[in-house]
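*Asks:* Sharing a model that was predicted from the sequence below.
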Amino acid sequence: MISLHDSGGPVRDALLARAMTLALPAPHASMRCCVVVPARNEAVALPALIESLASQCDLAGAVLDPATFEVVLLLNNCTDGTAAVAAALSRSYSQIRLQIAELSFDVDEAHVGRARQVLFDLAFARFHTMQRPHGVILTTDADSRPAADWIAQTEAEIAKGVVGVGGRITLDPDEAVNLPVGVRRFLLLDIGYRRALEELRSLYAPEAHDPFPRHHQHFGGSLAVTAAAYAHAGGMPLRRTNEDVALYRAIVDAGGRFRHSHTVRVQTSARLIGRAQGGMADALGWWQRQAHSATPVMVESAEAAEVRLAALGLWCADNPDRIPPASLRMTPESPPSDRTAEIHATLRALRDACAALRPLSLAARLMQARGRFVELPDMLGLAA
């Protein structure tokens, strides 16, 4: 079992040295979860977020003890009325421990990756002072609304033996219906494509701690990690964008078990113009441009994906105690042109592949793969 005092050594000490105190009150002695939220010019979105966090309940539907969690808002580089709104919310929802800090980063650090890194480091340091290695650091976005049992469901997943959890992030349905038809169509295609990839992976390389059905999301809208695992992973890498994905990869690369849970749920804004580069708004904007230009959406082909995931399954079978290489685990966002196909055709082919594999045992699937895919020896040789 990893503790805060035996995990990381110099890395742990470096994280503590990097952490800003932000002049916040000491955490409550009963705190088990620290929810951290970066916010930049989010005066309009904040009330819905804080209302949802103030309404958290346990798995039986009872109000969650407010002493067991705190919410830390980091208002960075705001030029609107976010600070005044946050202060008013703190007064309105005095039943929860809502901590507010303000920072103005230099231009080269004024991005969500730095803001979230500061918050995670802060939460880690607070749990360190409490000697609570299993304290949970959770994050969401200022334009999101966690489900009423978001904290409780996250804790329930971690109690099963994982150290990190990615929640299922969906669009606000009232906003999603107003998206252009082409955007909604591509969004549904992408959801189907990602789900089919996850099923295919589970058929070749199942993980007991992250079974199918699972999703593909490990994003800032709903991401959690224990304090000890955060230190063990070396903390959040500094990235201008995709800092959430970078932390997920660091956790897994350090041997941490991660769950992509459908019971941990968050709704987020369907706005097309967002605050953070690389966020949901950027993704929706990209779908809109693709739909407007009638440009085919190209993704990793079903054949390439199956070869990669079959290689992953064989690698895991031969190396049960080692961490698989990222080249086999991660779906390439920009695969070579000879390994791509249009998303409609890929989705159909992935579903057909899953249907053919489901009746077979894992051993039969892997044995069949050795005979089907001529690329496997080269891939396994490179991966080893």
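*Replies:* That came through, no problem. Numbering: from 1, shown residues only.

*Asks:* alpha carbons only for contacts and neighbour counts from here, please
*Replies:* Fine.

*Asks:* the helices in the stretch 1-150 of the chain, which residues?
*Replies:* 10-18, 46-54, 82-92, 112-130, 150-159 (DSSP state H, counting those that start in this stretch).

*Asks:* Between those helices, which has the poorest mean confidence score?
*Replies:* Ranked by mean pLDDT, the helices of the stretch 1-150 of the chain bottom out at helix 10-18, with a mean of 90.

*Asks:* Deepest-packed of the helices of the stretch 1-150 of the chain, please.
*Replies:* Mean neighbour count (mean count of other CA atoms under 10 Å) peaks for helix 112-130 among the helices of the stretch 1-150 of the chain, with a mean of 23.

*Asks:* what angle do it and helix 10-18 make?
*Replies:* 100 degrees (axes from the mean of the first three to the mean of the last three CA atoms, to 10 degrees).

*Asks:* packing partners for helix 112-130?
*Replies:* helix 10-18, strand 33-39, strand 69-76, strand 136-139, helix 227-232, helix 243-253 (3 or more CA pairs under 8 Å, 6 or more residues apart in numbering; DSSP states H and E).

*Asks:* could you check the angle helix 243-253 makes with it?
*Replies:* Going by the same axes, to 10 degrees, helix 112-130 is angled at 50 degrees with respect to helix 243-253.

*Asks:* quick one: contacts of helix 112-130?
*Replies:* By CA atoms under 8 Å, 6 or more residues apart in numbering, the residues outside helix 112-130 that reach it are 4, 15-16, 18-21, 26-27, 29, 34, 36-38, 72, 74, 76, 133, 135, 137, 227, 230-231, 235-244, 276-277.

*Asks:* what's the closest of the helices and strands packed on helix 112-130 to I191?
*Replies:* Shortest distance between I191 and the helices and strands packed on helix 112-130, using CA to CA, is found for helix 243-253: 17.7 Å.

*Asks:* And the contacts of helix 112-130, which of them are buried?
*Replies:* With neighbours counted by 16 or more other CA atoms under 10 Å, those contain buried members at 4, 15-16, 19, 21, 27, 34, 36-38, 72, 74, 76, 133, 135, 137, 227, 230-231, 235-244, 276-277.

*Asks:* can I assume V225 is in contact with G167?
*Replies:* No: judged on CA atoms under 8 Å, V225 makes no contact with G167 at a distance of 11.6 Å.

*Asks:* Name the helix or strand for G167, please.
*Replies:* G167 belongs to strand 164-171 when assigned by DSSP states H and E.

*Asks:* all strands for the stretch 201-350 of the chain, in order.
*Replies:* 223-226, 258-268, 298-300, 340-342 (DSSP state E, counting those that start in this stretch).
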